[in-house]
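*Asks:* what follows is a predicted structure for the sequence shown.
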Amino acid sequence: MSFFDGIPVAPPIEVFHKNALYLNETAPVKVNLTIGAYRTEEGQPWVLPVVHETEVEIANDTTLNHEYLPVLGHEGFRKAATELVLGENSPAIKEGRSFGVQCLSGTGALRAGAEFLASVCNMKTAYVSNPTWGNHKLVFKKAGFTAVNDYTFWDYDNKRVHIEKLLADLEAAPEKSVIILHGCAHNPTGMDPTQDQWKSICEVIKRKNLFTFFDIAYQGFASGNPDADAWAIRYFVDQGMEMVVSQSFAKNFGLYNERVGNLTVVVNNPAVIAGFQSQMSLVIRANWSNPPAHGARIVHKVLTTPARREQWNQAIQSMSSRIKEMRAALLNKLTELQTPGTWGHITQQIGMFSYTGLTAAQVDHLIAEHKVFLLSDGRINICGLNTKNVDYVAKAIDETVRAVKSNI
């Protein structure tokens, strides 16, 4: 007899399960397009040079110690992260209506923000895009939301943002619903609304009295320009919207296992900040109590040192450029092979992911016959492509779509 008898085995988390299958595969030729992490031309993780240099300096700084950070985190990091996403000249910053909360990467920021909204503000209904990042629904349900619904995002037939249905779904959402929006490089589709579409989305959210929760995991990494990647968020701020913004520094700093994140908060009345921060402190206290210092120190030093900031800008431009080159290479090869279907969306998308349009059956075929590993919804990590394997992947896709017909 055990207290734990009868606990069912949960289904595996697909992205990590598929990555494990790849690692355990013994075939001499195999390709990993699963987990969302940047890879170099050689297929290896990349430590940004500016991050390495900063880590060495921090390690040699004898004035630093390992005392606890404040509950809300490293003050300099919080300020720098908030300025990065809102812009140094943001009206919310100038008017003292914004602040940051250091969290455990983007997931921790989502969880802290969701738990605060559910437990303190009694918001219990959320909407996520269909499709969305695989962890969004789980985070909001575990944080206390009783209804996590979908709003239409993707037009599967035309491989574009289905703006008409998206707006209609937001129109139908009950007042005070929390709307989770991807700030840039939508995961998994890689397709973002246009600026005019963002304006329409903002208008509906404002008019219907819905609450905005941005998730931006790829700022700077997506286009190579942090300001361009934050355009939608800054537009919403300019329209007087209150919001919370989950920020991750995993991709754009390569700090995946340091779990560096920030929750930027924008309010309309600075008088509410004291109460907000006190209640958020209790949320953090009950979860991780105090955040870790190392990654926050790295990001803070890089963002606030002009020479290092420029090195970082060059690094994110390099990463985003390689991704764009691989998108073009894959499209060119599929075009050359005259692969059935339409594939122009591959280069219209942005960021590390491409929602290819491949079906679950085609994905199974790719894995079984060609050892090209990807998620069952057809999402691939473009970073897994390089000049040595892109031809192989294109030929594998070509053979697959000819052998396994799509019903879409």
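*Replies:* On my side now, so go ahead. Numbers count the residues shown, from 1 in each chain.
*Asks:* run through the residues that contact Leu72.
*Replies:* By C-beta atoms under 8 Å, 6 or more residues apart in numbering, the contact set of Leu72 is 78, 101-102, 277, 280-281, 284. Yep, even glycine has a C-beta here, placed from its N, CA and C like the rest.
*Asks:* same list (those residues) but as CSV, adding neighbour count, distance to Asp155 and secondary structure.
*Replies:* As requested, the contacts of Leu72 are exported to CSV (neighbours: other C-beta atoms under 10 Å; distance: C-beta to C-beta, whole Å; DSSP: H, G, I helix; E, B strand; the rest coil):
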residue, neighbour count, distance to Asp155, secondary structure
Arg78, 23, 38, helix
Val101, 28, 36, strand
Gln102, 30, 38, strand
Gln277, 14, 41, helix
Met280, 22, 38, helix
Ser281, 14, 43, helix
Ile284, 24, 39, helix
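*Asks:* between the residues you listed, which is closest to Asn386?
*Replies:* Checking the contacts of Leu72 against Asn386 by C-beta to C-beta gives Gln102 as the nearest, at 34.6 Å.
*Asks:* what's the nearest residue to that closest one if we skip its chain neighbours?
*Replies:* Gly73 (2.3 Å; C-beta to C-beta, 6 or more residues apart in numbering).
*Asks:* in contact with the one you found, which residues?
*Replies:* Contacts of Gly73 (C-beta under 8 Å, 6+ apart): 100-103, 262, 291, 296.
*Asks:* so which helix or strand takes in it?
*Replies:* Counting by DSSP states H and E, there is no helix or strand that carries Gly73.
*Asks:* now it: how far from Gln279?
*Replies:* Using C-beta to C-beta, to the nearest Å, one obtains 16 Å as the distance from Gly73 to Gln279.
*Asks:* and Glu95, how many neighbours?
*Replies:* 11 (other C-beta atoms under 10 Å).
*Asks:* and Lys324, how many neighbours does it have?
*Replies:* 15.
*Asks:* contacts only, for it.
*Replies:* Thr347.
*Asks:* got a pLDDT number for it?
*Replies:* Here the pLDDT value assigned to Lys324 is 94.
*Asks:* same check, this time on Gln314
*Replies:* Note on Gln314: pLDDT of 96.
*Asks:* same question, Leu374
*Replies:* What the model reports for Leu374 is a pLDDT of 93.
*Asks:* look up phi and psi at it.
*Replies:* Per-residue torsions, Leu374: phi -150, psi 170 (degrees, to the nearest 10).
*Asks:* distance check, it against Val31.
*Replies:* Distance of Leu374 to Val31, computed by C-beta to C-beta: 9 Å.
*Asks:* helix, strand or coil for Ile179?
*Replies:* Following DSSP: H, G, I helix; E, B strand; the rest coil, the label given to Ile179 is strand.
*Asks:* so it touches Leu167, yeah?
*Replies:* No. Using C-beta atoms under 8 Å, Ile179 is not in contact with Leu167; the gap is 11.7 Å.
*Asks:* who has more neighbours, the two?
*Replies:* Each of Ile179 and Leu167 has its neighbours counted (other C-beta under 10 Å); Ile179 has more, 23 against 17.
*Asks:* is the more buried one in a bridge, and if so with what?
*Replies:* Assessed by DSSP bridges, Ile179 has beta-bridge partners Tyr127, Thr212.
*Asks:* how close does it get to Leu210?
*Replies:* Ile179 is 5 Å from Leu210, by C-beta to C-beta.
*Asks:* identify the contacts common to the two.
*Replies:* Common contacts of Ile179 and Leu210 (C-beta under 8 Å, 6+ apart): 170, 173.
*Asks:* what is the nearest of the contacts of Gly73 to Val245?
*Replies:* Asn262 (8.2 Å).
*Asks:* quick one: low-confidence parts of the stretch 51-200 of the chain?
*Replies:* Across the stretch 51-200 of the chain, nothing is flagged by pLDDT under 70.
*Asks:* which stretches of the stretch 101-250 of the chain form helices?
*Replies:* Using DSSP state H, counting those that start in this stretch, the helices found in the stretch 101-250 of the chain span residues 105-119, 136-142, 163-172, 195-207, 226-229, 231-238, 250-253.
*Asks:* perfect, that will be all.
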